[in-house]
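> my questions concern the predicted model and sequence given below.
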Amino acid sequence: MKNLVILGAGTSGTMMANHLVSKLPKNEWQITIVDQYATHYYQPGFLFLPFDIYTTKQVKKKGSKFIPKGVRHIQDKINIIKPEVNKVILQHGETLPYDILIVATGTKIAPGETEGMNGPKWHKNIFDFYTYEGAKALRNKFREWKGGKLAIHITEMPIKCPVAPLEFAFLADSYFKNKGMRDKVDITFVTPLDGAFTKPKATAALHHLLEEKKIKEVTDFNIERVDYENDKIIDYGGTEVEYDLLVTVPTNMGDPLIERSGLGDDLNYIPTNKGTLQTLDNENIFAIGDATNLPASKAGSVAHFEAEILTENILRYINGEPLKEEFDGHANCFIETGNGKALLIDFNYTHEPVEGTFPFPGVGPLSLLKESRTNHMGKMAFRWIYWNMLIKGVHIPFVSATMTEKGKHFEEVN
Amino acid sequence: MEAKTIAGIDLKVSDDGYLEDMTQWNEDIAREIANELNIELTDKHFEVLNYLREKTKAGETLTIRKVGKSGIVDIKELYKLFPKGPLKFSSKIAGIPKPTSCI
């Protein structure tokens, strides 16, 4: 019996377990998946939790519900990966030998990387919304907040879901408008980038929306420390931004397990072939989703597209065939813009987000890079798709893993 | 892309002034680009520039965090050397492409 071990039962790991269980012969392969937590969170929902759009119940379910029969599910913390002997050692002593290892341990916030961030004011007037705890604490704060300066801040790139902080700013604008207190809230968007987003074409569209919603932008801001005593953030160049309420996206880093195992770069991400998803140092270790160092967005849609290609490459690896260098960095993201509208963007390693229609060329119904109510409905429907199709590895009709160029207005980037 | 003469050499530069071909670079070119940015280059500057060029040649992606851990300067010092553009200005002066660490 051979062993395929998946580390992490989040979006990527769960998808891989579901894809592979039907593809690998049961009499030859034992699939095992390990995760320290019992709960599977719908992470895109963390964006909506602070604004009382989603309830806590809508963003979490028992993880074991999504692990298919025939896959061994272990709930334990992973101590270390030992690539030289092809073994994974768990915290409670069990050793898992593997023939193939898939690392899907994701990315986490690391507020400790910035001086003063997770000090005495953490979750008092400094919040994250990238964790369940952070998003919930912020919801409670917003419910009673009387207004003031709200700074929405990105510490450093890369971060999971790079559009989420912008969406947060748009939703905050709507939320306080609906509460009849928008005039009491001064919203500032603070970013280390030189514009609203990482891709120039989308940045122009998003900058326009920020202006329209009277959200101020502070760009090229590389934070040195949080002065929590005087409620301001200070960058290395000496620029200061004052806040009454700071909503920050701390430095994102791969799991400490990756560092302990000596497999990561300076942010604990695993150097991975960007076309095949095989890790660069070990041919029988593959990585997927946020755990990789790929120059693609860290997002569920990217993981979804990667999963289809990785499944094929695992089968090729087993059969001794050359791997397909097929992954193109495809990402597909709804951007919630507030007031029941959303944008949709579709891009990859080489193509900028463009205008057009999705998924049917020339038809839609979703429009790319334009605000619409249909896009918002798409984003809301996505929660159902996530729990019922995506993580179960069911193919989403008409949406292909690699990006299609039909029905889009392209401009090549270098 | 446009053509530009810097330190007596005809160079191709990007729309925002980054060298298209890093092998055309020399220290005089660096000094002239630095002058335009009101930066006077010291030995420490050149240590950073050489580090950036080595890493770029090796195909590595550069970030402020990485330079801060290079052992040459910490992030604070990098800001002092290249005020307002720690990675952008230093990359421009080093003759390497505009940093695209953001995704």
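Here it is on my side, so go on. Computed from a prediction, not measured in an experiment: that's the story for all the values here.

> can you show me the helices along chain B?
Per DSSP state H, chain B carries helices over the ranges B:27-36, B:43-57, B:64-68, B:75-81, B:88-94.

> same for the longest one, what does it pack against?
It stands for helix B:43-57. helix B:27-36, helix B:64-68, helix B:75-81, helix B:88-94 (3 or more CB pairs under 8 Å, 6 or more residues apart in numbering or on different chains; DSSP states H and E). No exception for glycine: its C-beta is placed from N, CA and C like everyone else's.

> report the buried residues of stretch A:36-52.
Buried residues in stretch A:36-52, defined by neighbour count with 16 or more other CB atoms under 10 Å in any protein chain shown: A:36, A:40-51.

> repeat for stretch B:84-101
B:85-97, B:99, B:101.

> okay, the helices and strands packed on helix B:43-57 in CSV with mean pLDDT next?
Formatted as CSV, the helices and strands packed on helix B:43-57 follow (pLDDT from 0 to 100):
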stretch, mean pLDDT
helix B:27-36, 95
helix B:64-68, 89
helix B:75-81, 92
helix B:88-94, 94
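
> partners of the nearest residue to residue A:398 once chain neighbours are set aside in the sheet?
Nearest residue to residue A:398 in three dimensions, chain neighbours excluded: residue A:359, at 4.4 Å (CB to CB, 6 or more residues apart in numbering or on different chains). As for beta bridges, residue A:359 partners with residue A:365 under DSSP bridges.

> quick check: pLDDT value at residue A:359.
For residue A:359, the pLDDT comes out at 80.

> same thing with residue A:383?
90.

> one more: residue A:292?
For residue A:292, pLDDT reads 97.

> can you get me a residue count around residue 4?
I went with chain A, as the question did not name one. Using other CB atoms under 10 Å in any protein chain shown, residue A:4 has 24 other residues around it.

> right idea, wrong chain: chain B
Residue B:4: 12 neighbours (other CB under 10 Å).

> can you name the residues bridging to the nearest residue to it once chain neighbours are set aside?
Sequence neighbours aside, residue B:13 is the residue nearest to residue B:4 in space, at 4.9 Å (criterion: CB to CB, 6+ apart). Taking DSSP bridges as the rule, residue B:13 bridges to residue B:2, residue B:19.

> quick check: the gap between residue B:13 and residue B:90.
16 Å (CB to CB, to the nearest Å).

> ok, now residue A:49?
40 Å.

> and what of residue A:345?
31 Å.

> same question, residue A:244
Distance from residue A:244 to residue B:90, by CB to CB: 35 Å.

> OK, contacts around the residue most central in space within chain B?
Closest residue to the average C-alpha location of chain B: residue B:91 at 2.4 Å, with CA atoms, centre = their mean. Counting by CB atoms under 8 Å, 6 or more residues apart in numbering or on different chains, residue B:91 touches B:18, B:52, B:62, B:97, B:98, B:99.

> return the member of these nearest to residue A:145.
residue B:99 (37.2 Å; CB to CB).

> I'd like the next helix or strand past the helix or strand that contains residue A:108.
Assigned by DSSP states H and E, residue A:108 belongs to strand A:107-109. The C-terminal neighbour of strand A:107-109 among helices and strands, as given by DSSP H and E, is strand A:126-127.

> so for that next one, mean pLDDT?
On average, the pLDDT along strand A:126-127 is 98.

> name the helices or strands packed onto it?
Right, strand A:126-127 is packed against helix A:132-144, strand A:245-249 by 3+ CB pairs under 8 Å, 6+ apart.
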